[in-house]
Structures are given as structure tokens and as C-alpha cells.
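A.B. asks: A predicted structure for the sequence below; I have some questions about it.
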Amino acid sequence: MLRRAGRLVLVPLLGLLAAGLGGCGPAAPKLVPVQGKVTYRQKPVKGVSVTFTPDESKGTKGPAAAGETDDEGGFTMKTPPYGDGTIVGYFRVTITAYPGSGTIPAKYGDITTSTIKIDIPDDGRPNLVFKLED
């Protein structure tokens, strides 16, 4: 009899726990596709990180997005943990190489010195090209 009473209490508690977990946290943001290429001295740059940080001064708020270039300098932006793409809006862009690699100028890896800014519209940006300069 005692065993049965324990089950009667446990089942409703598990139901409440499952219902509570289903509604926790903010809804996933709408993401739009963003792909592109990074070049430096007219050559593709491989193995660098590309980060889009929302520009709050222009009203864009939300999660940052990141990608890494492949052997041809191509990248696809992702917004963890939500998936491929970025939110819509204005971003400050940093492009970071491994420290000491000398692959690209260091100014692009610091949000205070990078000159790259981008506007991502409702339909995304499938063909961005970031041409880095000395």
C-alpha cells in the first residue's frame, strides 16, 4: 500500500517537471542565412574566425554569430545554440587569426580597431566578401 501511494505522488510531480522544462527560456531568434569569403592580398584566407557582434548603438540586440573560414576562405555564420545564420540587423565584424600567425593584420581581430561593419537584411546575405587590407 505504501508503494502505491509513492507512485501516485511521483507521477504528478514528473508531469509538472516536464511541463516546466518545456516553457523555460527565451524563444529562439529568427535567423537568416549568411555566407561569405575572406581575402587578403587577393588570396583566400583559411582558418580564421569571423564574428558578428550586434551593434547596439544602431539598435541591434541579440546573440552574436560566428564562423570559420575553410581552405577557400569561405564561411557560414552560425548563432549558437540556435543554428545556421544570424539575426537581422547591424553588426560590428571581427576577423581573428591564431595569435602570432601573421595571416592577417591584427587590427581586424579587435572590435575597437576593426573597420568592418555590416547590415544583415531580412533575406540574409549569401555572398559577402571581406577584402582585408594592410
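C.D. replies: Ah, there it is. Numbering: from 1, shown residues only.
A.B. asks: from here on, contacts and neighbour counts on C-alpha atoms
C.D. replies: Will do.
A.B. asks: can you map out the strands along this structure?
C.D. replies: Remark: strands assigned in the chain by DSSP state E are 34-40, 43-44, 49-54, 65-68, 74-76, 78-79, 83-84, 89-96, 117-120, 125-132.
A.B. asks: how far does the third one sit from its chain's centre?
C.D. replies: Using C-alpha atoms, centre = their mean, to the nearest Å, the mean C-alpha position of strand 49-54 is found 7 Å from that of the whole chain.
A.B. asks: mind giving me the packing neighbours of it?
C.D. replies: On a contact count with 3 or more C-alpha pairs under 8 Å, 6 or more residues apart in numbering; DSSP states H and E, strand 49-54 meets strand 65-68, strand 89-96.
A.B. asks: minimum distance to T51: which of the ones you listed has it?
C.D. replies: With C-alpha to C-alpha as the measure, strand 65-68 is the member of those nearest T51 (4.4 Å).
A.B. asks: for the record, mean pLDDT for the closest one?
C.D. replies: In this model, strand 65-68 has a mean pLDDT of 98.
A.B. asks: pLDDT weak spots in the chain?
C.D. replies: Within the chain, the set of residues satisfying pLDDT under 70 comprises 1-25.
A.B. asks: swap in 50 and give it another go.
C.D. replies: In the predicted model of the chain, residues 1-22 satisfy pLDDT under 50.
A.B. asks: hmm, back to that, of all the helices and strands packed on strand 49-54, which lies closest to G47?
C.D. replies: Nearest to G47, of all these, is strand 65-68, at 6.2 Å by C-alpha to C-alpha.
A.B. asks: run through who's touching the closest one.
C.D. replies: Contacts of strand 65-68 from elsewhere in the structure, counted by C-alpha atoms under 8 Å, 6 or more residues apart in numbering, are 47-53, 74-80, 85-86.
A.B. asks: between those residues, which has the most around it?
C.D. replies: Of all the contacts of strand 65-68, T86 has the most neighbours under the rule other C-alpha atoms under 10 Å, reaching 29 neighbours.
A.B. asks: cheers, nothing more for now.
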